[in-house]
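A.B. asks: got a sequence here, can you build the structure:
(2 chains)
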Amino acid sequence: AQSVSQHNHHVILSEAASLELGCNYSYGGTVNLFWYVQYPGQHLQLLLKYFSGDPLVKGIKGFEAEFIKSKFSFNLRKPSVQWSDTAEYFCAVIRQTGANNLFFGTGTRLTVIP
Amino acid sequence: GAVVSQHPSWVICKSGTSVKIECRSLDFQATTMFWYRQFPKQSLMLMATSNEGSKATYEQGVEKDKFLINHASLTLSTLTVTSAHPEDSSFYICSAPQTGYNEQFFGPGTRLTVL
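C.D. replies: All right, here's what the predicted structure looks like:
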């Protein structure tokens, strides 16, 4: 069965620290990959997505992610976090063929300390 | 980008009553919509796939008689929680893929509290 795993459940960083959140998926076919952010009390927002092409994708608010096909990974990075980045981050995968529902990871809670 | 709305955004009801949640795609047509449930501090779990003009497809463990889904038009899907109980209290989120885009657009969610 297809699954998405996020290794870090809760990450606490000081402002200006660098961030990397891990995401791995288990599916042998071609997939599209997403990172969503959910700020406290708000709905899901798309941070960035990968469909094809350059495996290093840039999203909003200074976030980027790198797709490494051989490792089935799509890690999220940001060189310098801000207090306003405090949120829940979800990695999600969708198969390019077949059912078009998203599979979500369990989420990573990021707390940035001012 | 495409917009998906949900109504209501928050509902409180008594145990045993039924609650209807609407999901609308505002500027595009969606033959398929997805319903998710998110418990506090947990990830989104797919409940069912709503298909316009046909029966919904439910995920394993989701009671189809309790969570009634109707996809009446290309822009509207409804989720009715029948005979709600406190354990049904959760955040319900719908999403819809826009034709030609392999991406989901999410509604803002509906917080259900069952007393």
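A.B. asks: show me the contacts for residue A:19.
C.D. replies: Shown in contact with residue A:19 (C-beta atoms under 8 Å, 6 or more residues apart in numbering or on different chains): A:11, A:13, A:76, A:77, A:78, A:79, A:81, A:85, A:110. To be clear about C-beta, it is placed using only N, CA and C from the backbone, and glycine gets the same treatment.
A.B. asks: for chain B, tell me which of these show up nearby.
C.D. replies: Residues of those in contact with chain B (C-beta under 8 Å from any C-beta of the partner chain): none.
A.B. asks: I'd like those as CSV, with secondary structure appended.
C.D. replies: Below are the contacts of residue A:19 laid out as CSV (DSSP: H, G, I helix; E, B strand; the rest coil):
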residue, secondary structure
A:11, strand
A:13, strand
A:76, strand
A:77, strand
A:78, strand
A:79, coil
A:81, coil
A:85, helix
A:110, strand
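A.B. asks: among those, name the buried ones.
C.D. replies: Neighbour-count burial (16 or more other C-beta atoms under 10 Å in any protein chain shown) applied to the contacts of residue A:19 gives A:11, A:13, A:76, A:78, A:81, A:85, A:110.
A.B. asks: list phi and psi for residue B:84.
C.D. replies: Here is the backbone geometry of residue B:84 (degrees, to the nearest 10): phi -70, psi 150.
A.B. asks: nearest to chain B: which residue in chain A?
C.D. replies: Nearest residue of chain A to chain B (C-beta to the nearest C-beta) works out as residue A:43 at 4.1 Å.
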